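Structure for this input, please:
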Amino acid sequence: MREKEKTTFRKIEYHKKESFYLIIRGLEVGLISGLVCVFYRYMLSFAESGLMNVLAFIKGSPLKIALWFVLLAVIGVCVYFINKWEPMVAGSGIPQINGEIKGYFNPPWWKVILGKFVGGTASVFSGLSLGREGPSVQLGGMAAKGVAKITKADKTTELRMISCGAGAGMAAAFNAPLAGIMFVLEELHHTFDKSILCMGIVATITADFTSKLFFGQSTTFNYDTVNFPLRYYWLLLIFGVILGLSGVLYNIIMVKAQDIYKSITRIPNYIKIPCVFLISGAVGLVFPQILCSGHSMVKIILEENPTVLYMFILLAAKFVFGALCFASGAPGGTLYPLCILGTYIGAIFGAVSIKLFNLGPEFYEEFVVIGMAGLFASIVRSPITGIVLVYELTGNMNNILPLATVSLISYAVANLIGTNPIYEWLLERIIKPKNNEEANAPGEKILKTYVIPVGSPLGHKRVMDIDWGKHCLVVSIERDGVSVTPKGETVLKEGDELVVFISQRRFSKDNERLEKMIGV
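Next up, the predicted model:
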């Protein structure tokens, strides 16, 4: 008993003096996660260019086409066995990493990395409408978990490293370090954790630097912004509502597509998944523009001046094909493909608005970029991350006001309708009805930080009047930069940062209960 008390005391003291340690850990996470995600980017780049070479090679030859379809079927079977070997490889990877941070999952980090590399590369080489960004988030988190395991970090540090590794993965995938750390705070933790911020900002900057050493410093979208006329801001209000409704529709159809796919029980998965790969082969022969993540679709709207009808056809085809690929559970992300859908909604809305209201053609690209941020905000329900992401993708902050206006309206519309954010929805669906205590081994305590938001039910309550649960212990309250030792009579205030010890064996259940109780 004394030894446990000493260990707990050391952890509390260490928590107060850990800034330097967090920076070192952030460097480790950023470097390793960045290198892993850089290698994954290279693999997918080679896979996509290889696919285009294959399509050019088989064009016009029935025999070559037949052989290609046989190869696609074989690849589909291999992907099925990869998913069966490690189920956490399937799909985007963002819900899985979120579930691990919350204590629901604890897969072997090396199996996830290996499976995601092979399965993701195979899926992109086959043309499935999947991106690298979601898998990069998972790969970054698993690489960080590997570092934590190898260096024998405690469970609290491991979970922080996984979180920051996920942000580093996003930073490396998008070359967007600020969006990476905002994604961790806004989407994964839903709170402002100083320890996560300290380690995470170092990790994302390091990962971004590592990525730029290999891929250069140019931004994904380069365009000249113009000042959006204030008299036309009513257009942005309409645009925000359209994007909000589109995001809700996207989430509903994606989840419904998954339900329909799973409901086909007469056909086993080792046949269903190869069938999706064969469909991808057919799409590649007639509509190669919508294959893979969608980089070619961006070039079309920015360089080829397409008609509204052609853009609408591409948008609909990409959406339907993307829903099918997502439903199959093939390893690959939906983050960049949904951004592409946003650019096309923006391009269509912009082209129509320019024609109807005699706006200058320079506003076309403004609508394209704003559409990306707005749809991201309504689907993922992380508007600040979307705004920062678009800023880093374009390298331009001049359009921040219209960008924020549309994103917040889109976000509000989606919230008003009441559907869940896509990744929370997916997480709920993959959490198995099993005893969550199995996810983590018993014995160790996890140090978890919660910030009491404005309007929280705990605001202005005494510590002694709150049922924290028998497996949780409030060890410190950070208030205005000062550590307050919690006592029964201590009154909690909005903005307080609670440092809580939670039993590792009960972490997933107690963390979920505390988040609901605090109002995170």
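
And stretch 309-321, how far out from the chain middle?
23 Å (CA atoms, centre = their mean, to the nearest Å).

Show me what counts as buried in it.
Buried positions in stretch 309-321, judged by neighbour count with 16 or more other CB atoms under 10 Å: Met311, Leu314, Leu315, Ala317, Lys318, Phe319, Phe321. Every C-beta, even on glycine, is put in place using the N, C-alpha and C of the backbone.

Over to stretch 69-78?
Applying 16+ other CB under 10 Å to stretch 69-78 flags Phe69, Leu72, Ala73, Ile75, Gly76, Cys78 as buried.

ok, so what distance separates the fifth one from Val70?
Okay, so that is Gly76. When distances are taken as CB to CB, to the nearest Å, Gly76 and Val70 turn out to be 11 Å apart.

what bits of the stretch 251-400 of the chain have low per-residue confidence?
Segments of the stretch 251-400 of the chain classed as low confidence (criterion: pLDDT under 70) are not present in this model.

quick one: the helices in the stretch 151-300 of the chain?
Taking DSSP state H, counting those that start in this stretch, the helices of the stretch 151-300 of the chain run over residues 155-174, 177-183, 194-215, 233-263, 269-286, 295-303.

Buried by neighbour count: which residues of the fourth one qualify?
With burial defined by 16+ other CB under 10 Å, the residues of helix 233-263 counted as buried are 235-236, 239-244, 246-248, 250-251, 253-255, 257-258, 261.

Report the contact partners of Val380.
For Val380, the contact set (CB atoms under 8 Å, 6 or more residues apart in numbering) comprises Glu187, Leu335, Gly386, Pro421, Ile422, Tyr423.

For the first one, give me its contacts.
The one in question is Glu187. With CB under 8 Å, 6+ apart as the criterion, the residues that contact Glu187 are Ile94, Asn98, Val380, Arg381, Ser382, Thr385, Pro421, Tyr423.

same question, the fourth one
Residues in contact with Pro421 (CB under 8 Å, 6+ apart) are Glu187, Asn251, Ile379, Val380, Arg381, Ser382.

Show me what secondary structure element comes after the helix or strand of the chain with the lowest mean pLDDT.
Scoring the helices and strands of the chain by mean pLDDT, DSSP states H and E places helix 2-16 at the bottom, with a mean of 49. Using DSSP states H and E, the helix or strand that follows helix 2-16 towards the C-terminus is helix 19-58.

What average pLDDT does that following helix get?
For helix 19-58, mean pLDDT is 93.

by how many degrees do that helix and helix 295-303 diverge?
In terms of direction (axes from the mean of the first three to the mean of the last three CA atoms, to 10 degrees), helix 19-58 departs from helix 295-303 by 90 degrees.

Can you check what angle separates helix 19-58 from helix 155-174?
Between helix 19-58 and helix 155-174, the angle formed by their directions is 40 degrees, by the same axes, to 10 degrees.

who does helix 19-58 touch, helix- and strand-wise?
helix 62-85, helix 109-125, helix 133-150, helix 155-174, helix 194-215, helix 269-286 (3 or more CB pairs under 8 Å, 6 or more residues apart in numbering; DSSP states H and E).

Which one of the ones you listed lies nearest to Gly50?
Evaluated with CB to CB, the helices and strands packed on helix 19-58 place helix 109-125 nearest to Gly50, the distance being 5.9 Å.

returning to what we had before: compare the contacts of Glu187 and tell me which is most surrounded.
Each of the contacts of Glu187 was scored for neighbours by other CB atoms under 10 Å, and Ile94 scores highest at 29 neighbours.

can you redo the buried residues of stretch 309-321 as a markdown table with secondary structure?
Listed next are the buried residues of stretch 309-321 as a markdown table, based on DSSP: H, G, I helix; E, B strand; the rest coil:
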| residue | secondary structure |
| --- | --- |
| Met311 | helix |
| Leu314 | helix |
| Leu315 | helix |
| Ala317 | helix |
| Lys318 | helix |
| Phe319 | helix |
| Phe321 | helix |
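
mind listing the helices for the stretch 301-450 of the chain?
Going by DSSP H, counting those that start in this stretch, the stretch 301-450 of the chain shows helices at 308-328, 335-357, 363-380, 383-394, 400-417, 422-430.

Give me the contacts around the shortest one.
Applying CB under 8 Å, 6+ apart, the contact partners of helix 422-430 are 91-92, 94-96, 98-99, 104, 187, 250-251, 254-255, 258, 334, 379-381, 419-420.

Give me whichever of the helices and strands packed on helix 19-58 is most buried.
Among these, ranked by average contacts under mean count of other CB atoms under 10 Å, first place goes to helix 155-174 (a mean of 30).

helices and strands around it, which ones?
For helix 155-174, the contact count by 3+ CB pairs under 8 Å, 6+ apart identifies helix 19-58, helix 94-101, helix 133-150, helix 177-183, helix 194-215, helix 383-394, strand 445-451 as packing neighbours.

Of the ones you listed, which is nearest Val124?
Among the helices and strands packed on helix 155-174, the nearest to Val124 by CB to CB is helix 19-58 (4.4 Å).

mind listing what's buried in the closest one?
22, 25-26, 28-38, 40-41, 43-44, 47-48, 51, 54-55, 58.

who touches Tyr391 in this structure?
By CB under 8 Å, 6+ apart, the contact list for Tyr391 reads Leu178, Met397, Ile400, Leu403.

Look at Cys475 and give its secondary structure.
That one is not Cys; residue 475 is Val. Under three-state DSSP, Val475 falls in the strand class.

Contact partners for Phe209?
Phe209 makes contact with Gly30, Gly34 under the criterion CB under 8 Å, 6+ apart.

whoops, Leu178 was the one
Shown here is Leu178, whose contacts under the criterion CB under 8 Å, 6+ apart are Thr204, Val388, Tyr391, Glu392.

what separates the nearest residue to Asn251 once chain neighbours are set aside from Gly247, distance-wise?
For Asn251, the nearest residue in space outside its immediate sequence neighbours is Ile422; the separation is 4.9 Å by CB to CB, 6 or more residues apart in numbering. Between Ile422 and Gly247 the distance is 8 Å, computed by CB to CB.

Repeat that for Met43.
With distances taken as CB to CB, Met43 is found 30 Å from Gly247.

and what of Met52?
From Met52 across to Gly247, the span is 31 Å (CB to CB).

can you check Leu185 too?
If you go by CB to CB, the gap between Leu185 and Gly247 works out to 21 Å.

what do you get for Lys64?
With distances taken as CB to CB, Lys64 is found 41 Å from Gly247.

contacting residues around Arg381?
For Arg381, the contacting residues are Glu187, Tyr411, Ala414, Asn415, Pro421, Ile422, Glu424, taking CB under 8 Å, 6+ apart as the criterion.

out of those residues, who's nearest Gly455?
Lowest distance from Gly455 to these (CB to CB) belongs to Asn415, with 15.3 Å.

Skipping its backbone neighbours, what lies nearest the closest one in space?
For Asn415, the spatially nearest residue (CB to CB, 6+ apart) is Arg381, at 7.1 Å.

Return the backbone torsion pair for the one you found.
Dihedral angles of Arg381 (phi, psi; degrees, to the nearest 10) stand at phi 70, psi 40.

ditto for Ser456
Note on Ser456: backbone dihedrals following degrees, to the nearest 10 are phi -70, psi 140.

neighbours around it, how many?
By other CB under 10 Å, 20 other residues sit near Ser456.

Look at Pro486 and give its secondary structure.
When classified by three-state DSSP, Pro486 comes out as coil.

Can you lay out the helices of the stretch 301-450 of the chain as JSON lines showing distance to Arg479?
Rendered in JSON lines, the data for those read as follows (distance: least, CB to CB, whole Å):
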{"stretch": "helix 308-328", "distance to Arg479": "44"}
{"stretch": "helix 335-357", "distance to Arg479": "37"}
{"stretch": "helix 363-380", "distance to Arg479": "32"}
{"stretch": "helix 383-394", "distance to Arg479": "25"}
{"stretch": "helix 400-417", "distance to Arg479": "30"}
{"stretch": "helix 422-430", "distance to Arg479": "30"}
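
Quick check: Ala211 vs Thr394, distance?
Not quite, residue 211 is Ser, not Ala. The span separating Ser211 from Thr394 equals 17 Å under the rule CB to CB.
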